[in-house]
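# Next comes the sequence, and after it the predicted model I'd like to discuss.
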Amino acid sequence: MSMDNVREFPIGKQKILTAAKKLFAQNGFEGTTTRMIAQYAHVNEALIYRYYPTKKDLYLEIIRLKIEELSSLTENLANPEHDPESIPQFLKNIALQLFSSVKNDPDFLRLLYYSALEHHELSKMFCDCFVLEIRKKLEGYVSQLIERNIFKRLNPYLISIAFIGIISHYLVTNTLFELDDRQVDETAVIDNFIEIFLNGVVQGEN
């Protein structure tokens, strides 16, 4: 968890939040007990209940802090330029936001996926506040490009889903399953995905 969010909290509370996120990411919400969190954080279990009356309250705090941290990232995507030359940079900004959110806090991605598998409503809250917000911004941007005849007249929703899907799949497979043994440079990964998304992989006619 980013220390920017919790550095003003009491030390005991910081320990609880850090331990809880780690254990929720490893064991899921149902598989993690407050006793386990207390042992991992080296605090008395009663201290957890002092700050968080229920385990769900603790889980909600982790989600809330992450939404608060990432809200500034989505604000940076506002008011993009709509000329063809600006398109790659706008897409790169989105990709960099997604990469940095996972790179800086891989445990949260694991927690989120565990939460989704357990059908926990809090994972939907995060997706509605962050993932959906990015998709909406991209969809609106794509719609403007279609109106200006810069993009083909395809479904802007599906176009935005396609781009986010490329990035998300790469991040998920490499964070959760560590499938990328080639260690490709992050900038090269993003630049290649943008080129594939915008221009495809088939060579054009000379």
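Received the coordinates, thanks.
# I'd like to check which residues are in contact with the residue lying closest to Pro106 once chain neighbours are set aside.
Setting aside the residues directly before and after it, Pro106 is nearest to Thr175 in space (C-beta to C-beta, 6 or more residues apart in numbering), at 5.1 Å. To be clear about C-beta, it is placed using only N, CA and C from the backbone, and glycine gets the same treatment. With contact taken as C-beta atoms under 8 Å, 6 or more residues apart in numbering, Thr175 is in contact with Val102, Pro106, Leu109, Arg110.
# quick one: Thr175 from Val142, how far?
Counting by C-beta to C-beta, to the nearest Å, the gap from Thr175 to Val142 is 27 Å.
# Equivalent analysis for Cys129, please.
Separation of Cys129 from Val142 (C-beta to C-beta) stands at 21 Å.
# likewise Cys127?
For Cys127, the distance to Val142 - C-beta to C-beta - is 20 Å.
# who's more crowded, the two?
Val142 (22 against 15; other C-beta atoms under 10 Å).
# Would you tell me what helix or strand the more buried one is located in?
Per DSSP states H and E, Val142 falls inside helix 132-147.
# quick one, the helix or strand that that helix is followed by and helix 132-147 angle?
Under the assignment DSSP H and E, the closest C-terminal helix or strand after helix 132-147 is helix 156-176. Here the directions of helix 156-176 and helix 132-147 differ by 140 degrees (axes from the mean of the first three to the mean of the last three C-alpha atoms, to 10 degrees).
# Off-centre distance for helix 156-176?
Averaging C-alpha positions (C-alpha atoms, centre = their mean, to the nearest Å) puts helix 156-176 11 Å from its chain's average.
# average pLDDT for the helix or strand just after that helix?
Once the chain leaves helix 156-176, the next helix or strand it forms, by DSSP H and E, is helix 186-199. In this model, helix 186-199 has an average pLDDT of 94.
# Can you say which helix or strand has the residue lying closest to Ser123 once chain neighbours are set aside in it?
Counting by C-beta to C-beta, 6+ apart, Ser115 is the residue found nearest to Ser123 once chain neighbours are left out, at 3.7 Å. Here Ser115 sits within helix 106-117, counting by DSSP H and E.
# Tell me which residues of that helix come out buried.
Using 16 or more other C-beta atoms under 10 Å as the burial criterion, the residues of helix 106-117 that qualify are Asp107, Phe108, Leu109, Arg110, Leu111, Leu112, Tyr113, Tyr114, Ser115.
# angle of it against helix 156-176?
Computed by the same axes, to 10 degrees, the angle separating helix 106-117 from helix 156-176 equals 120 degrees.
# just the CA coordinates of stretch 11-20, formatted as CSV?
Listed in CSV are the C-alpha atoms of stretch 11-20, where the atom choice follows Å, rounded to 0.1, in the frame of the first residue of the first chain:
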residue,chain,number,x,y,z
ILE,A,11,2.1,3.0,13.4
GLY,A,12,-0.2,0.2,14.6
LYS,A,13,-2.8,1.1,12.1
GLN,A,14,-0.2,1.2,9.3
LYS,A,15,1.0,-2.3,10.3
ILE,A,16,-2.6,-3.6,10.3
LEU,A,17,-3.4,-2.2,6.8
THR,A,18,-0.1,-3.5,5.3
ALA,A,19,-0.5,-7.0,6.9
ALA,A,20,-4.2,-7.2,5.9
